[in-house]
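1. Build me a model from this:
(one chain, ligands or ions: 1)
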Amino acid sequence: MSDLDSDFYESEDPVWNPALLTIPMPGIRRMVNLATTMEDVVHLSIGQPDLPAPQHVVDAAVEALQAGQTGYTLDAGLPELLEALADYYGARYGRALTADNILVTTGATEAIYLALTSTSSAGREFIIPDPAFMLYAPLVRMNGGTVKTVPTRAENNHQLDPQDVIDAIDMNTCAIVLNSPSNPTGTLYPRETVEAIVEEAAYRGVYVISDEVYDHLIYDGKTYPSVLSCCSDLDHVMVVSSFSKTFSMAGMRIGWLIASQGAIKKLRRYHMFTTTVANTPCQWAGVAALRGERDFVDNMLEIYTRRRDRVVELVEQTPFLEGYKPEGAFYLFPALPEGINGNNVALRLLKETGVCTIPGQTFGESCGNALRISYSTSIEQIEEGFRRLIPWMERQDFA
Ligand SMILES: Cc1ncc(COP(=O)(O)O)c(C=O)c1O
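-> Below you'll find the predicted structure:
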């Protein structure tokens, strides 16, 4: 199967902007499309929480609709949400933010889009770990920028060596993209890593764009080292997060970007020309999420910790898979032996056992021999998946 979506890429129609060629056919879509044609599929491929959103959050969206909250909000976001976010970050990291440091967006996706496309242009380079969430590199390239990757490996738990990142900075470096805990690896960067990168970047006038959407899916009682708690000021950082993962609100599409007031001023104007404002009733749902009780997040963490522990055990029992213990998010990114094509393995695995995983190549060039396994599904489904996967692997000849 080609890496590219043939309809899209073989089109002779000159109407399409050639920059669209930088968007790869998402490996996720390809696998999930194939899975929809099959029966009895076990999905270890899901990229969103499987738990329902908290009732008080859903109620707040419904109440907002019924109260006639169907118009636009202020372009920066609903003032009540901006205030709730500033309070929340103040309490969590002791960092004083004002509403002018925050822009409410249509999910973290829009915040990432704004951050990358408003900075990328010809001659500018962006440092991105490899593997990484698949949005970053295409958004840089669509706008003429180039990407320098810093590979990470399963044998090091996919930890990023801060010195590798610092060594990659050169005259053309515009920004470094971080995503901890990471999709697809689940790796949580320790404070020392984040601090070293943030400090050096600020010193060199390079931005750090930090995607923190999994900032509440942190296991083993660890404290989350947000970029916001590692920088002395906001002059060289843009921090992105959303309600999608923390409160199972992915479909409600509310995220945000935190930066200096000057950066937010620029990005507000750009946001006006992209999506105008985020969804109004769902911004009210966001206020309820931040102001309401947090049992939901604690319960979710307990559930995901059990799943994480079980997946780690099962990967250890699987021949040919090199795993590790991820400390965040809901993914594990085990490696197959060097030289084995993860695309073929994922495809055969799906066709021959009905277990849907995502091939590593979806997330970068350095990890063609990896598979992304998501444990955002029940323990029963996880066990059923490995009940099929382990004997299948035993029959392979990957030496
Ligand atoms: C690392 C990462 N960033 C951003 C997003 C998108 O988040 P949102 O739903 O808030 O747009 C995802 C979704 O899977 C993600 O994994």
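
2. Asn101 touches Val237, doesn't it?
-> No: applying CB atoms under 8 Å as the test, Asn101 and Val237 come out as separate, 10.5 Å apart. Quick note: C-beta positions are derived from backbone N, CA and C, even for glycine.

3. overlap in contacts of the two?
-> 258-259 (CB atoms under 8 Å, 6 or more residues apart in numbering).

4. show me what contacts the residue of the stretch 1-150 of the chain found nearest the ligand?
-> Among residues of the stretch 1-150 of the chain, the one nearest the ligand by CB to the nearest ligand atom turns out to be Gly107. It sits 2.6 Å away. Shown in contact with Gly107 (CB under 8 Å, 6+ apart): 242, 244, 250, 253-255.

5. Closest one to Leu389 out of these, please.
-> Nearest to Leu389 among the contacts of Gly107: Ala250, at 26.3 Å, using CB to CB.

6. neighbours around that closest one, how many?
-> 18 (other CB atoms under 10 Å).

7. near the ligand, which residues of the protein?
-> Among all residues of the chain, those adjacent to the ligand (criterion: CB under 6 Å from any ligand atom) are 47, 107-109, 133, 179, 183, 211, 213, 242, 244, 250, 255.

8. can you tell me which two in these are farthest apart?
-> Asn179 and Ala250 (16.5 Å).

9. Break down this structure into its strands, ranges please.
-> 42-43, 102-105, 125-130, 146-151, 173-178, 207-211, 237-242, 255-258, 331-332, 355-356, 358-359, 371-374 (DSSP state E).

10. Can you spell out which helices and strands pack onto the third one?
-> When you say that, I think you mean strand 125-130. helix 136-142, strand 146-151, helix 162-168, strand 173-178 (3 or more CB pairs under 8 Å, 6 or more residues apart in numbering; DSSP states H and E).

11. These into CSV, with extra columns for distance to Glu327?
-> Shown next, in CSV, are the helices and strands packed on strand 125-130 (distance: least, CB to CB, whole Å):
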stretch, distance to Glu327
helix 136-142, 21
strand 146-151, 19
helix 162-168, 17
strand 173-178, 15
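
12. since we're on Glu394, how many residues are nearby?
-> With other CB under 10 Å as criterion, Glu394 counts 10.

13. I figured Thr305 hits Tyr219, correct?
-> Yes: in this structure, Thr305 is within contact of Tyr219 by CB under 8 Å, at 5.2 Å.
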